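Engineer: predicted model follows, preceded by the sequence.
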Amino acid sequence: MAPIPFLGRLNIAEYLALVGSFLLVGLEAIIRILTLALPTSIINLFYRASRRSYNKFTSPSARKLDHKREDISSSIRNASDFVEICALNGYYAEEHVVKTGDGYLLGVHRLAWRRGEEEERVNSGPKSVRKNVVYLHHGLLMNSEVWVCLTDEKRCLPFKLVEKGYDVWLGNNRGNKYSKKSIHHSPTEIPFWDFSMDEFALHDIPDTIHYILETTSAPSLSYIGFSQGTAQAFATLAVHPKLNDQVNVFIALAPAMSPAGLSNGIVDALVKASPQVLFLLFGRRSILSSANMWQAILFPPIFVRAIDMGLSFLFGWHARNISTSQKLAAYSHLYSFTSTKSVVHWFQIIRTKSFQMYDDDVQPVLSLGSTSKYTKVAKFPTRNIKTPIVLVYGGSDSLVDIDVMMKELPAHTIANEIPHFEHLDFLWAREVDTLVFPHVFDALESFVDAEHTKEEYDHYRSARHLSLYATNMPALTYQSEDDSSQHGSYVDVAAAATTPECGANSLIPIRNPQPSGPPSLSDGSRKRVHVQHVVDHDDSSESSPHSPVTLTMANGNGNLTHKLRQARSSSVGSQISFQEKNGRGHGIILGAARAVSGVVSGEVKGGMAGGSGSGDDVGGGGRRRKGK
């Protein structure tokens, strides 16, 4: 039985919020029961009423634009499952079932064939086509559909990986749409939902990886996680040391480890004061199970606006980098079932500011003694991870505190920032293919052996160096402090930043590889190159227009500012810095710029090979594993 907060635990505003929450949840429960009892004709009546209401308060031009978006997104939105979405794009998907050690049956999807390759045998015997294996895992309250429900195939990471020659697998957590079965309990029983991230880390991820490697006979695989999918990998690699020999690289998109909290102050304070209050609000089964009901009775544009309002209210996200047509297509696939306990676990982590296991014996906020001195919940020992870690995070993502995260990760961690990206942008943003995918491809092509050798780190550094410098550098307008305009490329700007006026260390050079271990950057002061992408898009467009860019370069005194304008979105970048901890290097932060990294030392290094690669068979050919 969850403990009820005592008087004094919360202030008046928080108690008012609690009472209001109970009223709203009770109203939602009544509406859900009524909806379940109503015939389909009545539900359709509510849907048509919401559509009429929307049209009544919308201008004719806006309705015309909505109709155009509807044509683009309707087929994706109305697709019933993962296999159907893939079929819409011409890809054949396999369905697999993984049994976990504690009896849950997890649905797993596989994309291993380009169009027309469906008859090929892939990773299924000595005479089959051998392809490198990639495993993708979704975030909280999601399922595998979020990876493929894009309106533009070129922005769909699984499809791009398949075309590059990879054998792509997509996992699902217990309890969601594809994993709502256990050999011990029914989903109608409370014990079925008695799981948190502990079970994801101890069973779901390692058991899925074991099944994939056993099925494909691959020695190791590459892991790509989004949001909670990254947290699950942090946790499982930390508690399963041998798993580090089976994962050749871990790519974390919008990584989650120890979020600061929610954007809304009252809700944040309420949950931090007593995370267990979520059990009082939502019970001990699945959380927000009525989301699908609201989707059924609301006209899609209204549903999209409701989701946007909720994301803004809770997290401060504005979703400006995702087009409206993409939202119409994807938001219907956004929600999937999970346990209330798994959400409570996250709020325990937020409250304690520690990436720890679930606390079954929650201590009161106002402890009268020194109980906490003698009790300690086990933390996930993330510094013990040996697998190479590549973080790609958004500078506008309220759930990512990169400084805190880097302190809890091993020294070989590499971080890449995309300043204007929020959380969901890493799945569905207009520019996800140009700003995120190159980081993914460079990491996959560099780290292909489970030994995690220095050679692989060197290859990744060279690939990033080449990708960020050598691709599509447009002419830019350079404006100095005296407002006199000059024309040039990022090379000119970077060279200017190393002049005596700026100081030689304004841009951090990359040193030669150290005798052993992963490569490092200069151990000078933490100066950064930061490019901020100013976003002002028309929501009706699927592709991104050329966007203005502001580049700020600070010397040792922080006195010089350069502004760059009229840049293409593919030249947008971020920052390069070197994290230090107690006087020693603790992680590398590379920029997401398409050009800046290549000139950080004021010169172009020749003789480099690699990069993001444009070959059609990188996964199947390219840098193969040893012995292949």
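Structural biologist: Received, thanks. Owing to the predicted nature of the structure, the values given are computational and were not obtained by experimental measurement. Numbers count the residues shown, from 1 in each chain.
Engineer: hey, let's count contacts and neighbours off CA atoms from now on
Structural biologist: Will do.
Engineer: and stretch 203-220, what's its mean pLDDT?
Structural biologist: With pLDDT averaged residue by residue, stretch 203-220 scores 97.
Engineer: who are the packing partners of the host helix or strand of Tyr457?
Structural biologist: The secondary structure element spanning Tyr457 is helix 454-470 (assigned by DSSP states H and E). Using 3 or more Cα pairs under 8 Å, 6 or more residues apart in numbering; DSSP states H and E as the contact test, the elements touching helix 454-470 are helix 437-446.
Engineer: switch to 10 Å and redo it
Structural biologist: helix 437-446, strand 584-591 (3 or more Cα pairs under 10 Å, 6 or more residues apart in numbering; DSSP states H and E).
Engineer: all the strands of the stretch 301-450 of the chain, residue numbers only.
Structural biologist: In the stretch 301-450 of the chain, the strands defined using DSSP state E, counting those that start in this stretch lie at 389-394, 414-418.
Engineer: put the alpha carbons of the shortest one into PDB.
Structural biologist: Yep, that's strand 414-418 we're talking about. Extracted as PDB, the C-alpha positions of strand 414-418 are listed here (Å, rounded to 0.1, in the frame of the first residue of the first chain):
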ATOM      1  CA  ILE A 414      32.000  11.100 -26.600                       C
ATOM      2  CA  ALA A 415      29.300  13.800 -26.600                       C
ATOM      3  CA  ASN A 416      27.800  15.700 -29.500                       C
ATOM      4  CA  GLU A 417      25.400  18.600 -29.100                       C
ATOM      5  CA  ILE A 418      22.800  19.900 -31.500                       C
END
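Engineer: that one vs helix 454-470, what angle?
Structural biologist: Compare the direction of strand 414-418 with that of helix 454-470 by axes from the mean of the first three to the mean of the last three Cα atoms, to 10 degrees and you get 20 degrees.
Engineer: residues in a beta bridge with the closest residue to Glu94 other than its chain neighbours, which ones?
Structural biologist: The spatially closest residue to Glu94, leaving aside those adjacent along the chain, is Arg110, at 5.0 Å (Cα to Cα, 6 or more residues apart in numbering). Listed beta-bridge partners, Arg110: Glu94, Trp169 (assigned using DSSP bridges).
Engineer: contacting residues around Thr338?
Structural biologist: For Thr338, the contact set (Cα atoms under 10 Å, 6 or more residues apart in numbering) comprises 140-143, 173-177, 180, 193, 195-196, 285-289.
Engineer: if I look at it, what pLDDT would I see?
Structural biologist: At Thr338, the predicted lDDT confidence score is 95.
Engineer: tell me how far it lies from Tyr178.
Structural biologist: For Thr338, the distance to Tyr178 (Cα to Cα, to the nearest Å) stands at 11 Å.
Engineer: overlap in contacts of these two?
Structural biologist: By Cα under 10 Å, 6+ apart, Thr338 and Tyr178 have these common neighbours: Asn143.
Engineer: is it true that Ala233 touches Ser222?
Structural biologist: No - counting by Cα atoms under 10 Å, Ser222 is not a contact partner of Ala233; they are 11.4 Å apart.
Engineer: between those two, what contacts are shared?
Structural biologist: In contact with both Ala233 and Ser222: Phe250, Ile251, using Cα under 10 Å, 6+ apart.
Engineer: about what we covered before: and the angle from the helix holding Tyr457 to helix 437-446?
Structural biologist: Using the same axes, to 10 degrees: helix 454-470 against helix 437-446 is 150 degrees.
Engineer: average model confidence for helix 454-470?
Structural biologist: Mean pLDDT, taken over the full extent of helix 454-470, equals 82.
Engineer: so for it, what gets flagged as buried?
Structural biologist: 454-470 (16 or more other Cα atoms under 10 Å).
Engineer: try stretch 343-359
Structural biologist: Neighbour counts over stretch 343-359 (16+ other Cα under 10 Å) mark 343-351, 354-358 as buried.
Engineer: mind putting those residues in a markdown table, pLDDT included?
Structural biologist: Putting these into a markdown table (pLDDT from 0 to 100) gives the following:
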| residue | pLDDT |
| --- | --- |
| Val343 | 92 |
| Val344 | 92 |
| His345 | 94 |
| Trp346 | 93 |
| Phe347 | 90 |
| Gln348 | 91 |
| Ile349 | 92 |
| Ile350 | 90 |
| Arg351 | 87 |
| Ser354 | 92 |
| Phe355 | 95 |
| Gln356 | 95 |
| Met357 | 96 |
| Tyr358 | 95 |
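Engineer: in those, find the pair that's most separated.
Structural biologist: Based on Cα to Cα, the longest span within the buried residues of stretch 343-359 runs between Val343 and Ser354 and measures 15.1 Å.
Engineer: quick one, grab the pLDDT at the residue nearest to Arg285 when sequence neighbours are not counted.
Structural biologist: The shortest distance from Arg285 to any residue that is not its chain neighbour, by Cα to Cα, 6+ apart, is 5.2 Å, and that residue is Trp193. In this model, Trp193 is scored at 96, pLDDT.
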